[in-house]
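*Asks:* sequence and computational prediction follow.
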Amino acid sequence: MGYIENDLLDGEKIVYSGHLHWRIFVPAFFHMALAVLLLAAEEKLRLPILILLAVFFALWSAFALIAAAVTKSSTELAVTNKRVIFKTGLISRNTMEMSHHRIESIREEQSVMGRIFGYGTIIVEGTGGGQESLRNIANPLIFKKHAQAAAEQAVSGGGK
């Protein structure tokens, strides 16, 4: 956790570290499976266009796999005893750091598939009306519970 560990304030400790769900790799695997199916169909049907389509989807899959791997490795999520921190991006960086005292609510949204496979979206709403969301979080309910517990401790004086 390079960025977050380097950005900790005096007396600040990481309480919980989150990560992105493996779901971000699904499009890459889907396109690779499609490429394999097209190659199998070409072998039976003898249509050269299917080879071109298979190569196209295989290349698309490779780019999607690299993009997902970079996204997963360059995204950092943490709850500390003083704030909630999200960081995304490798070359360009987008960060959200909100003090527990400034957080009005933390919401978690999950679709049916998200409930089954354990991923969702975390939405942090600040007192000034600001709202930040991060999608495809693994175990968003656990992240939310840790953030709420840390905020409760900070408000009651235990996080100073």
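*Replies:* Okay, I see it. Numbering: from 1, shown residues only.
*Asks:* tell me where this protein has strands.
*Replies:* For the chain, the strands defined by DSSP state E cover 14-18, 76-80, 83-88, 94-99, 103-109, 119-126, 131-138.
*Asks:* any stretches of the chain with poor pLDDT?
*Replies:* Low-confidence segments of the chain (pLDDT under 70): 1, 158-160.
*Asks:* got the domain ranges for it?
*Replies:* Listed by automatic domain parsing, the domain ranges of the chain are 2-20+80-155, 25-70.
*Asks:* surely Thr80 and Asp7 touch.
*Replies:* No. Between Thr80 and Asp7 there is no contact under Cβ atoms under 8 Å: 9.6 Å. Just so you know, the C-beta spots here come from the backbone N, C-alpha and C atoms, and that holds for glycine as well.
*Asks:* ok, those two, which is more surrounded?
*Replies:* More crowded of Thr80 and Asp7, by other Cβ atoms under 10 Å: Thr80, with 25 against 17.
*Asks:* can you count the residues close to Thr75?
*Replies:* For Thr75, using other Cβ under 10 Å, the count is 21.
*Asks:* who does the residue nearest to it when sequence neighbours are not counted bridge with?
*Replies:* Residue nearest to Thr75 in three dimensions, not counting chain neighbours: Thr88, with 4.9 Å by Cβ to Cβ, 6 or more residues apart in numbering. Beta-bridge partners recorded for Thr88 (DSSP bridges): Asn94.
*Asks:* which stretches in this protein count as helices?
*Replies:* 2-6, 26-45, 48-74, 112-117, 140-155 (DSSP state H).
*Asks:* now do the contacts for the residue of the chain positioned farthest from its centre.
*Replies:* The C-alpha centroid of the chain is most remote from Arg46, which lies 41.9 Å away (Cα atoms, centre = their mean). Contacts for Arg46 were tallied using Cβ atoms under 8 Å, 6 or more residues apart in numbering; there are none.
*Asks:* now Leu38
*Replies:* With Cβ under 8 Å, 6+ apart, Leu38 has these contacts: Leu50, Ile51, Leu53, Ala54, Phe57.
*Asks:* who wins on neighbours among the residues you listed?
*Replies:* Phe57 (21 neighbours).
*Asks:* how much space between it and Ala64?
*Replies:* Remark: distance between Phe57 and Ala64 (Cβ to Cβ, to the nearest Å) = 10 Å.
*Asks:* quick check: neighbours shared by those two?
*Replies:* His31.
*Asks:* tell me who's in contact with the closest residue to Leu38 other than its chain neighbours.
*Replies:* Excluding its sequence neighbours, the residue lying closest to Leu38 (Cβ to Cβ, 6+ apart) is Ala54, at 3.9 Å. Each residue near Ala54 by Cβ under 8 Å, 6+ apart is listed here: Ala35, Val36, Leu38, Leu39, Glu42.
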